[in-house]
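> Any chance you could fold what I've pasted below:
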Amino acid sequence: MSQIKIVTRNQIREELINFHLATNGELSKDEYPLLQNISAAFIYNCLPIPEIDSKPEYIYIHSDKSLKKGFFHNQVSNNVQLLISKWNMAWESGHYRYDILHEDIPNDLKWLEKFTDKNIFLIPRFSYHRYAAFSPLYHLLPKHILQYNRLPLLKKGQWPPYLNDGTLDYIFPKDFDERLSQAFAFYIWPFLISGSKISAFNSDDSIKILAHNLDYWLPHIYTVAEKRLKNFGRAPFTESYHEKRLLENRKTYPDIRIERPLKGGMIWMGEEEAKEVTKEMIEYADKNGSLRNIIDAIKSNRVRDDFSEYWSFAKEDFERKLYNKRSKYQVNFIELTDTIPVQGPETEIEENRCWEDFIALLDAKEKRIVVCIREGFTKVGEISKILGYTNHSPVSKALRNIREKAKKYIENSE
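Alright, predicted model coming up:
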């Protein structure tokens, strides 16, 4: 007599969680990270496609209103999730998606009838995380960056946003969005600023804030996914009458294209291809989001507070430019007669006790030379160039005079 094996809910949950996690064989640099697409041909025989693409808009559908955490959702929640999946899979149809699915729209999403002329993506936000929205960004990140930020190594991502079974809620940490923001900023930074680590800038630096802003990057990575899928070609007809019906529809709707859905497959796979995708995303961000103009404007208006205490090429360039701006202004020392002498706070410091008294003995040219030396310019050639001399002779002669004056001053002070 065969025994009946009892499987608990916790065991089911554990198996579902393991289903989402990549194994060692799936974590090679050639295969990880990975983003895929399931062809809309599994749902639609054909799709109406507008002749002119309209700019997409993105609307979050919050879990506290329609979607519930867990494995067993109520009927309303199931209907909403199913509609979101079917809606997004028909992304090629743009604003015609409402015409395709208006009979299936549940009451919670009836407001869509007010935006029938808009190309809208419905982005599910499950409980505390936005993985469904940022899945393409998540699956650009290499294994070591995910591990450093203690994010799970998921097998593969799916685009566009799809139906959720609730198991990811048990995999992600409570601060998932913040960790993903940190991980993505660390990843994208070398593509934005070369030669300077992200740690060299303060947290309120504008480019650093931009790197962390996942919502800024979301439409551009979606554009990359769309462009890549359009190279896949159309799904073949499964039945001959489908092709006949498609030709009839084309005659009925001459103002739009009626086509078979695109094929599905791997949108990208492996670290090298993910880097190429990242470069494509930046190009679209530059074209549609003025990325380079934003970065150039920020760079040209930097202040000291943008930098952290760490050294970087960017900080060195900033300080060099700052000095060059200052060097355009010539400082002249003048002597005020019949004034009360004021001793500065440095006068009482032993190593500087001669400075304020000794400087009064020098003429204007000698004072400029001493100031240069105190600023760290010790080579005669450097000082000559700063003071505008064509050769070293005036500076060398002035230095000999300064040494003689210093020697006499010290002898008289003893």
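
> Please save the CA atoms from the biggest helix by length in the chain in CSV.
Criterion DSSP state H: the longest helix present in the chain is helix 393-413. C-alpha atoms of helix 393-413 as CSV (Å, rounded to 0.1, in the frame of the first residue of the first chain):
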residue,chain,number,x,y,z
SER,A,393,67.0,86.0,-12.8
PRO,A,394,64.7,88.5,-10.9
VAL,A,395,63.4,85.7,-8.6
SER,A,396,66.9,84.3,-7.9
LYS,A,397,68.2,87.8,-7.1
ALA,A,398,65.2,88.6,-4.8
LEU,A,399,65.7,85.3,-3.0
ARG,A,400,69.3,86.2,-2.2
ASN,A,401,68.1,89.5,-0.8
ILE,A,402,65.5,87.8,1.3
ARG,A,403,68.0,85.4,2.8
GLU,A,404,70.3,88.3,3.7
LYS,A,405,67.4,90.1,5.4
ALA,A,406,66.3,87.0,7.2
LYS,A,407,69.8,86.3,8.5
LYS,A,408,70.2,89.9,9.8
TYR,A,409,66.7,89.8,11.3
ILE,A,410,67.3,86.6,13.2
GLU,A,411,70.8,87.8,14.4
ASN,A,412,69.2,91.0,15.8
SER,A,413,66.4,89.0,17.5
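
> Report the buried residues of that helix.
394-395, 398-399, 402 (16 or more other Cβ atoms under 10 Å). Placement of C-beta: from N, CA and C, glycine included.

> can you list those residues in TSV and add pLDDT?
Shown next, in TSV, are the buried residues of helix 393-413 (pLDDT from 0 to 100):
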residue	pLDDT
P394	78
V395	75
A398	79
L399	78
I402	77
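
> what's the farthest-apart pair in the residues you listed?
The most widely separated members of those, counting by Cβ to Cβ, are P394 and I402 (12.4 Å).

> hang on, P124 in a strand?
Yes. Counting by DSSP: H, G, I helix; E, B strand; the rest coil, P124 is found in a strand.

> Neighbours of it, how many?
P124 is flanked by 23 other residues according to other Cβ atoms under 10 Å.

> and of the buried residues of helix 393-413, the nearest to N149?
Checking the buried residues of helix 393-413 against N149 with Cβ to Cβ, the nearest one is V395 at 55.3 Å.

> Quick check: the closest one touching G388?
No. If you go by Cβ atoms under 8 Å, V395 and G388 don't touch, sitting 10.8 Å apart.

> Quick one: list the elements packing against the longest helix of the chain.
Identification of packing neighbours for helix 393-413 by 3 or more Cβ pairs under 8 Å, 6 or more residues apart in numbering; DSSP states H and E yields helix 355-359, helix 364-374, helix 380-387.

> lowest-confidence stretch among those?
Here the lowest mean pLDDT among the helices and strands packed on helix 393-413 goes to helix 355-359, at a mean of 56.

> which residues of the stretch 51-200 of the chain fall in strands?
All strands of the stretch 51-200 of the chain, identified by DSSP state E, counting those that start in this stretch, fall at 57-62, 120-125, 157-158.

> Redo those as JSON lines? Include distance to A132 and mean pLDDT.
What follows is the strands of the stretch 51-200 of the chain, written out as JSON lines (distance: least, Cβ to Cβ, whole Å; pLDDT from 0 to 100):
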{"stretch": "strand 57-62", "distance to A132": "9", "mean pLDDT": "86"}
{"stretch": "strand 120-125", "distance to A132": "5", "mean pLDDT": "88"}
{"stretch": "strand 157-158", "distance to A132": "9", "mean pLDDT": "92"}
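
> Figure out which of those strands is closest to Q11.
strand 157-158 (25.1 Å).

> Return the list of strands paired to that closest one, each annotated with direction.
strand 34-37 (parallel) (DSSP bridges).

> continuing past the strand it pairs with, what's the next helix or strand?
strand 47-49 (DSSP states H and E).

> ok, residues contacting that next one?
40, 90, 92-94, 96, 99-100, 253, 256-261 (Cβ atoms under 8 Å, 6 or more residues apart in numbering).

> Can you tell me which of the residues you listed comes closest to D205?
Nearest to D205 among the contacts of strand 47-49, with distances taken as Cβ to Cβ, is G94, at 37.2 Å.

> Could you check how far the closest one is from R368?
69 Å (Cβ to Cβ, to the nearest Å).

> swap in Q182?
Q182 sits 49 Å away from R368, taking Cβ to Cβ as the criterion.

> Same check on S194?
For S194, the distance to R368 - Cβ to Cβ - is 38 Å.

> Among these two, which residue is more densely surrounded?
Neighbours were counted for S194 and for R368 using other Cβ under 10 Å; R368 has more, 20 against 9.

> Now for the closest residue to the more buried one other than its chain neighbours: which residues touch it?
If the residues on either side of it in the chain are set aside, R368 comes closest to L387, at 5.8 Å by Cβ to Cβ, 6 or more residues apart in numbering. Going by Cβ under 8 Å, 6+ apart, L387 touches 365, 368-369, 372, 395.

> How is this structure divided into domains?
As given by automatic domain parsing, the domain ranges for the chain are 9-315, 345-413.

> Under the pLDDT cut-off, which ranges of the stretch 251-400 of the chain? List them.
Low-confidence segments of the stretch 251-400 of the chain (pLDDT under 70): 251-254, 298-361, 364, 371-372, 374-378, 390.

> Tally up the residues packed near F186, please.
With other Cβ under 10 Å as criterion, F186 counts 18.

> now swap in L83 and tell me
L83 has 21 nearby residues by other Cβ under 10 Å.

> same thing with R150?
Neighbourhood size, R150 [other Cβ under 10 Å]: 10.

> All further residue positions should be reported with the first residue as 46.
New numbering, starting at 46: the last item is R195.

> That one and I301: what is the separation?
For R195, the distance to I301 - Cβ to Cβ - is 48 Å.

> R175 too?
For R175, the distance to I301 - Cβ to Cβ - is 33 Å.

> quick one, which of these two is more surrounded?
R175 (20 against 17).
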